[in-house]
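Enquirer: fold the following.
(3 chains)
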Amino acid sequence: MNEQQLENARELAKERRAEVGRSQQAVVTAHTQKTKRKKVITDDIILSVDNLHVSFKTYGGNVHAVRGVSFDLRKGETLAIVGESGCGKSVTSNAIMGLIPQPPGRISDGKVMFKDVNLTNMTKKELRKVQGVDISMIFQDPMTALNPTLTIGEQLMEGVLTHTKASKAEAKEKALAMLRLVGIPNPQERLKQYPHQFSGGMRQRIVIAIALICEPELLIADEPTTALDVTIQAQILELFEEIQAKTGVSIVLITHDLGVVAKIADRIAVMYAGKIIELGTKREIFYTPQHPYTQGLLNSVPRLDLIAEELQPIEGTPPDLFAPPKGCAFTARCPFAMEVCEHVHPDTTIKSATHRVDCWLQDKRAQAFLATAQK
Amino acid sequence: MTTNHESTPVSPNQVPDEWFRKKEKDLVEAEAVVRPSLSYWKDAWRRLRTNKLAMTGLVFLVLLAILAIFGPMFSPHAVDGMDLPNQNKAPSSEHWFGTDEMGRDVFTRTWYGARISLFVGLAAALIDFFIGVIYGGFSGYKGGRTDAVMMRIIEVLYGLPHLLVVILLLVVMGPSLTTIIVALTVTGWVGMARIVRGQVLQIKNYEFVTASKSFGAKTPRIIRRNLLPNTMGPIIVQMTLTVPSAIFAEAFLSFLGLGIQAPFASWGVMANDALPVILSGHWWRLFFPAFFISLTMFAFNVLGDGLQDALDPKLRG
Amino acid sequence: MFSYTIKRFLMMIMTILIIATLTFILMHSIPGSPFNEERTTNETIQANLERFYKLDEPLPVQYMYYLKSIVTLDFGPSIKKPNETVNELLARGFPISFELGMVTILVAVISGVLLGTFAALRHNGIIDYFAMTFAVIGISVPSFVLATLLIQKLAVDYNIFPPATWSSPMHMVLPVLALATGPMAIIARLTRSSMLEVLTQDYIKMARAKGLSPFRIVARHALRNALMPVVTIMGTMLAGILTGTFVIEKIFAIPGMGKYFVESINNRDYPVIMGTTVFYSTILVFMLFVVDLVYGFLDPRIKLHKKEGDA
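Expert: Numbering: from 1, shown residues only, chains lettered A, B, ... in the order given. Alright, predicted model coming up:
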């Protein structure tokens, strides 16, 4: 990285720091905090995804939705996977959860290690002992994630009754406790009600309660706030932080919303066309983004302090994954595209202990080009 | 950490230096594959053609129509040509499908029956269509109180046991072809009206309708020019399924003795007449009308299913 | 739920009234008196008969008598069989028809739902292919054709089941099979397509994420939702089966209501036709009402808002 770029990055960083601070401040003041516990991240690695490949057979051929994804997640940590729709982030989360329908889907390579067991070679039956117990999932749309014909109580207690030897009464106690934890008033009466009797935000709280009822160690949240109103979004995010502080659960957060990421993520993985192209702490990704795609993502977020013309959308659309490109998948849309990018996929460059990026601009030989491209 | 999974021809550390220069923008965007733009109907037809079962149904129906029109010409026997010495003769080179209890030729009568069954089916479907489109289209388009009242009426009519009403009408009006068609359509249009209304409701707020409204287009014109072409898919499917149910109902009524009267015969009448003699081994009397009823029902049903898949614009990709 | 029930109940009463009135108008729009055809009756006898059947009163009065007969469920004597009342015919025939209809609907629903569910669970598999082929054929073959085939093959040729009448469970097999195949095919197709749609829903994915067993997911989460479209068509299907009994009873010589009804049609025995029609309509409309209530029970959302625009 040359001087000019570094200077730019610092400039950017300053602006962002101010901005992130402001937005966080706003949220905090908007929702008066209960006693805020500090969350603890330990060094125990709870989830380790290694070189995961997932493809789907369709009429048009094989879609390579995930092409070599690797990351680790520690206990109590929140990792956000960010990217445009269709980049493979949801497929990644489904693969961790063991929810890839096979066929047409196939985990063609790689491992998903949960603590010391490999989830990818488990039988369906073995997997069911993990699903909902050790790993839980929260879905995007609370309007469709709850079964309209069962009461909230039935849906809450189901997991406990399936996985533990708890009696009905114990399960009910547990369900009540969960509803209290996620902040649903009158849990006794609410237990007997059906999903349609709740608002969207309330339903998402219930979905979270269902996910947490067996005290999982890992929570996968697939776009948990996308379908909600902005004000409700903030409340749900608060809830995530609160729960994490109370239970020490690790969270994989799938989102395309950088505002959400800024609020609760510890680390961020940026996905593009089925690969993680940049991974770092929140600070690293927001203040010193290395990949042109990450920079583009950050620049395309609307901000109050910039006038509309300065908003820079990323031109073009992601490549189709029927025939993934040989080189870097972002080449066609990249403002810094070089000949090499089209032909060969870049190696991973380690920027720091926590920060890695796949981009040819990191190569020494690209410096001359960068110097001219800046002008 | 990330390993490069695809077999790369060049490994990253032996990339030639000259590749580190600005990538020339491709003049032709490779991704922009130009798709031949097909009209809605051409597109639907293309999809329908790939559906083998539906095409089989279509081919059969075309053949049936041809046979219904020209079939009797291949036979030297008249539809009501009685030949009492030749009662209940098994199929032979003289009488291809055998003869009935009055020595009439079953082959000839089968194609006359096809005419009547197809006519009943098509007439019922068409009349349902006109009433349904006018009622349902108006109700859906007007909306508000008009719609509420019109739908309440539909709801009550929908609760009527159709076949009983039809039987009642036939008893009162006396069995004839016209009566059967009238009786079937008196109850049949309700389903069509509901479908049309649903379609109209769904699309009437589309922007192109608002656009033509803002140009001052009048209601009938909006219905005719904008709404109808876009609602035709489900309506055509419904019509395809009305035909077999009308044929079915006609056969059913004939079987109860309420069918059309001699000398003509529908398939249902022929099957009904065959019933007393079936146990004496005169299988051909029942077999041919029953076989063609079933095949026609089958053809219309698979064609209807195929059309449903082909005309669903949501699947258009 | 209460106001929903009341509303449905009022609809039911209204529908019955409309059917009754329609029947009345239709029957009285037939030119001449029902006794005209028989030339043997002389004027006095005809007048007496008309007085007996209250046909000499003005129409509105007749209408009131008629409504009264419906409310009291007393449809008066038959014209062609003067020693018997319509009520006696109904009492004799309807229980048998009802039995046939109920056994048929049970067989059709249970086998149709099972077939459709398995077809959906093995989407594009062999069971699916088999079930759907069977379903299309089942929809295509009219019940009277099937009935005749069954009699010919299973009763006459192989002598497995009795070919006619209604005196033991063995006697039920063929008529029920003939009558149930069509509805079963329709239910199987409907269940399959609705099940396929339900299985893609988020709440099914969520149930899987809870680590529930496939059986539990289908039985508890999918089936109830998938059955809703099936319940909606149950009303019309019941109507179809009950009218279908007319034909089946004729073929199998079952002494149900259908037999008397068909006879009354052929004899133009108007009180029997009217009585039977009104009685059957009432039964059917009541069934429709029950189906609506079941729907309300299956779908808790129905209590708050009515289903809109369900074309």
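Enquirer: C:Y270 contacts C:I79, doesn't it?
Expert: Yes: here C:Y270 reaches C:I79: they are 6.3 Å apart, a contact under CB atoms under 8 Å. Just so you know, the C-beta spots here come from the backbone N, C-alpha and C atoms, and that holds for glycine as well.
Enquirer: got the residue ranges for the helices in the stretch 101-250 of chain C?
Expert: Under the criterion DSSP state H, counting those that start in this stretch, helices of the stretch 101-250 of chain C are mapped to C:126-140, C:143-150, C:169-199, C:202-209, C:214-216, C:223-226, C:228-252.
Enquirer: go on, chain B?
Expert: For chain B, the helices defined by DSSP state H occupy B:40-50, B:52-70, B:106-142, B:144-159, B:162-173, B:177-203, B:207-214, B:219-222, B:228-255, B:267-274, B:283-311.
Enquirer: same question for the stretch 251-375 of chain A.
Expert: Counting by DSSP H, counting those that start in this stretch, the helices of the stretch 251-375 of chain A are A:258-264, A:282-287, A:292-299, A:339-343, A:367-374.
Enquirer: look through chain B and state the residue closest to chain C.
Expert: B:G198 (2.4 Å; CB to the nearest CB).
Enquirer: returning to that earlier point: make a markdown table out of the helices of the stretch 251-375 of chain A and add distance to chain C, mean neighbour count and mean pLDDT.
Expert: Shown next, in a markdown table, are these (distance: least, CB to the nearest CB, whole Å; neighbours: other CB atoms under 10 Å in any protein chain shown; pLDDT from 0 to 100):
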| stretch | distance to chain C | mean neighbour count | mean pLDDT |
| --- | --- | --- | --- |
| helix A:258-264 | 20 | 21 | 81 |
| helix A:282-287 | 27 | 21 | 85 |
| helix A:292-299 | 27 | 21 | 83 |
| helix A:339-343 | 37 | 22 | 78 |
| helix A:367-374 | 45 | 14 | 73 |
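Enquirer: export these to CSV and tack on distance to chain B?
Expert: Output for the helices of the stretch 251-375 of chain A, formatted as CSV (distance: least, CB to the nearest CB, whole Å):
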stretch, distance to chain B
helix A:258-264, 21
helix A:282-287, 16
helix A:292-299, 12
helix A:339-343, 4
helix A:367-374, 5
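Enquirer: list the buried residues for stretch A:337-353?
Expert: Using 16 or more other CB atoms under 10 Å in any protein chain shown as the test for burial, stretch A:337-353 gives A:337-349, A:351.
Enquirer: could you dump the residues you listed into JSON lines with distance to A:E238 added?
Expert: Below are those laid out as JSON lines (distance: CB to CB, whole Å):
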{"residue": "A:A337", "distance to A:E238": "41"}
{"residue": "A:M338", "distance to A:E238": "44"}
{"residue": "A:E339", "distance to A:E238": "48"}
{"residue": "A:V340", "distance to A:E238": "45"}
{"residue": "A:C341", "distance to A:E238": "41"}
{"residue": "A:E342", "distance to A:E238": "45"}
{"residue": "A:H343", "distance to A:E238": "47"}
{"residue": "A:V344", "distance to A:E238": "45"}
{"residue": "A:H345", "distance to A:E238": "40"}
{"residue": "A:P346", "distance to A:E238": "39"}
{"residue": "A:D347", "distance to A:E238": "40"}
{"residue": "A:T348", "distance to A:E238": "35"}
{"residue": "A:T349", "distance to A:E238": "36"}
{"residue": "A:K351", "distance to A:E238": "32"}
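Enquirer: just these now: which is nearest B:A65?
Expert: Set against B:A65, the nearest of the buried residues of stretch A:337-353 by CB to CB is A:E342 (59.1 Å).
Enquirer: isn't that closest one right next to A:G327, touching?
Expert: Yes: A:E342 is within contact range of A:G327, at 4.6 Å (criterion: CB under 8 Å).
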